[in-house]
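A.B. asks: have a look at this fold, sequence not included:
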């Protein structure tokens, strides 16, 4: 497995040369791609060299121990350090999800529970927004349908790495972490609409898609049916007076996307196209994964309380992830954006499964 690193040395050297060229940085998207791959290879090669060095040092200490027994303990220490480096290297060499370096479009939809579910969808949106702030990511609401009590029947938000966070190395881009949020999130609490103080269970669904660049997905204009209609809900004086809302239907797949948040029809069309490209990219990736019998982690499309990935229990201030077994009693902090420990448990579980599959 480690022999693969030798083949990466030439690519690493080539990328180093490309990063020194002005033309690379003239194209922001190219520079970002090259930087990320260079950082990824940097981590692999540095760990590989460390693994080699511990082996060489252990061999030297073993030879010295033949004449001086005091070196024997040093051999054991160096071999233990070499094994730690080997484990880290194995993790770095596990094939990554090709979308892990992408930004994210995240949809939160209310489900069973009516207004309470819509309010919980709003809580999830706030949680993701606060988490993004902590990581230095930018968020942008692309489309939203609010409920009567101020929650969300549906909301789509873009999460984008900016500046240093866009090139901070493998596993740091929004999709690499937020992809584990896809599925049904169940909440247990006393709804604001409950007069008897009884605890209710409701759910909201989260769908996570890597944001597609135009070069990732080719969309033929002839495959689109574009309808315009009047917006509804809050949004300024233009709402309900002009046909600014846009609905795009991708005829070959039947995927339908609508957007009404912006005041102009052109802006709504641009936002709807972003969502459509992301959905088409996700559909293409899922089809490829299924064909290779290595489907990605499923994301539940129907918001059914029985198909939950996580439970948010307000009376006990408890958060439980049903995939990893993670449990903590700091729900208030999690909803304020302290999501990293839960995501770390998901990353670790996913990595363990990938390592096991690699060994098999």
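C.D. replies: The structure has been received and is ready for your questions. Keep in mind it's a predicted model, so treat the numbers as computed, not measured.

A.B. asks: next one: stretch 141-153 to chain centre, how far?
C.D. replies: Using C-alpha atoms, centre = their mean, to the nearest Å, the distance from the centre of stretch 141-153 to the centre of the chain it belongs to is 22 Å.

A.B. asks: in it, what's buried?
C.D. replies: Buried residues in stretch 141-153, counting neighbours by 16 or more other C-beta atoms under 10 Å, are found at 142, 143, 144, 145, 146, 147, 151, 152, 153. All C-beta spots, glycine's among them, are computed from the backbone N, C-alpha and C.

A.B. asks: in the protein, what secondary structure element scores lowest on mean pLDDT?
C.D. replies: Comparing every helix and strand of the chain by mean pLDDT, DSSP states H and E singles out helix 265-291 as the least confident one, with a mean of 81.

A.B. asks: domain assignment for this structure?
C.D. replies: The domain map for the chain lists 4-93, 104-354, with the assignment taken from automatic domain parsing.

A.B. asks: ranking these by burial, who's on top?
C.D. replies: Most buried of the domains of the chain by mean neighbour count (mean count of other C-beta atoms under 10 Å) is domain 104-354; its value is a mean of 17.

A.B. asks: hmm, back to that, if you look at the buried residues of stretch 141-153, which of them are in strands?
C.D. replies: Counting by DSSP state E, the members of those that fall within strands are 142, 143, 144, 145, 146, 152, 153.

A.B. asks: these into a markdown table, with extra columns for pLDDT and distance to residue 182?
C.D. replies: Listed next are those as a markdown table, based on pLDDT from 0 to 100; distance: C-beta to C-beta, whole Å:
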| residue | pLDDT | distance to residue 182 |
| --- | --- | --- |
| 142 | 88 | 17 |
| 143 | 86 | 18 |
| 144 | 89 | 19 |
| 145 | 89 | 20 |
| 146 | 90 | 23 |
| 152 | 93 | 17 |
| 153 | 92 | 19 |
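
A.B. asks: mind putting those residues in a markdown table, distance to residue 104 included?
C.D. replies: What follows is these, written out as a markdown table (distance: C-beta to C-beta, whole Å):
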| residue | distance to residue 104 |
| --- | --- |
| 142 | 12 |
| 143 | 15 |
| 144 | 16 |
| 145 | 20 |
| 146 | 22 |
| 152 | 17 |
| 153 | 21 |
